[in-house]
Every structure is written in structure tokens, then in C-alpha cells.
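**Student:** Pasted the sequence and its predicted model underneath.
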Amino acid sequence: MFGKWSREKERMYQQLVSGQYDFSTLKQAFGEPLKPFLYSYEEVDAGVENSPIETFKIGVQNKDSEYLLIMADALTRNEDTGIPNILRAIYDVMEESHKVKNENGRYIAATDGIDDIQFESTVKAGLYGRINLKQFSTDPQGEANAKNELRSKIFDG
């Protein structure tokens, strides 16, 4: 997705994170959203005994709006909105996934990790392995609890 991420987009992102932006920056940042699209298939059991066809290939489409989420996170990163920032929790856990402990117990950059997430609205087929984070949006400790839920499902699962 970041194949189209330019120096200009990085400059805008850094302006948003630092709070040093104006309406023109916002218009530019949100004016050309990148929406990565993936089409694939899943094999699903036909569910019929003694059938000559045991599985069906079901098409799956995924279309994300990650770029908009990145910019929205940049705007709210250092803000106290008065409600749990679930987007920040997701971002922080994604960043954690790119770090590993070395032999001295210090975290260093990893070569893999979570670069992409999917919301159920992106998937045009069945839902599998869904995590409901909306439950944390009214919890005073929602951001921390969302991070713990994500960590338990991703890193311990």
C-alpha cells in the first residue's frame, strides 16, 4: 500500500502528528486516499457427503482505507478526546509487533510484524477470527483494555 507513500505525504503526516498543520494540510492529506484492494478466494467445504466436489472456491474481496486511518491517528495521537482512543491502541500494537527482544532483553526492530489490518467492512465474504473492539469505546480503561485484547489474540493466540 505504501508504494505511493511519498516524501510529501510523510511531511504532511509529521505535521499532523506534531500538531503543526492548517486546513490546507488537512485537505491535501485526506484529498487522495489510497485504498489497497485484494481479490483472492477461500476454499469452503461443500457440506455434502459423497459429493464429487468436496470444496468450493469462494471469492473474497478486501478493500481498505488504511491511509485515512493513519491520518486520523496522526490527528488524535497526542489528544485527550475524553473517550478511549481505540485507533491509537490498534496502531500501538501494530508497532509493537515490529519489535523483538534481543539477547540483552532490549527491544530492537524486527523484519516482520503487522503492517495491515482488516475491518469487517473491508471483507466481502464471511467473517473469520473477528475481534470486536467497539466494546472498549465506553470503558474508561478502553484503550489499555483494547491493547490487551489485541495482544492476547495476536501474540498469544
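**Tutor:** It's in.

**Student:** CA atoms for contacts and neighbours, from now on please.
**Tutor:** OK.

**Student:** mind listing the strands for the chain?
**Tutor:** Using DSSP state E, the strands of the chain run over residues 37-45, 55-63, 99-101, 107-109.

**Student:** What residues of the third one count as buried?
**Tutor:** For strand 99-101, burial by neighbour count (16 or more other Cα atoms under 10 Å) applies to Lys99, Val100.

**Student:** and that strand, which strands flank it?
**Tutor:** Taking DSSP bridges as the criterion, strand 99-101 forms sheet pairs with strand 107-109 (antiparallel).

**Student:** re the thing from before, looking at the strands of the chain, which is nearest to Arg11?
**Tutor:** Arg11 lies closest to strand 107-109 among the strands of the chain, at 22.7 Å (Cα to Cα).

**Student:** list the buried ones in stretch 141-157?
**Tutor:** Using 16+ other Cα under 10 Å as the test for burial, stretch 141-157 gives Gly142, Glu143, Ala144, Asn145, Ala146, Lys147, Glu149, Leu150, Arg151.

**Student:** what's the offset of it from the middle of its chain?
**Tutor:** Counting by Cα atoms, centre = their mean, to the nearest Å, stretch 141-157 is centred 14 Å from the centre of its parent chain.

**Student:** Dump it to CSV, keeping only the CA atoms.
**Tutor:** Output of stretch 141-157 as CSV, limited to C-alpha atoms (Å, rounded to 0.1, in the frame of the first residue of the first chain):
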residue,chain,number,x,y,z
GLN,A,141,-9.7,2.0,30.5
GLY,A,142,-10.8,1.2,27.0
GLU,A,143,-7.6,2.0,25.2
ALA,A,144,-5.5,-0.2,27.6
ASN,A,145,-8.0,-3.0,27.6
ALA,A,146,-8.2,-2.9,23.7
LYS,A,147,-4.4,-3.2,23.6
ASN,A,148,-4.5,-6.2,26.0
GLU,A,149,-7.3,-7.9,23.9
LEU,A,150,-5.3,-7.4,20.7
ARG,A,151,-2.1,-8.6,22.3
SER,A,152,-3.8,-11.8,23.6
LYS,A,153,-5.4,-12.6,20.3
ILE,A,154,-2.4,-11.8,18.1
PHE,A,155,0.7,-12.6,20.2
ASP,A,156,-0.6,-15.3,22.4
GLY,A,157,-3.1,-16.9,20.0
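
**Student:** Good, wrapping up.
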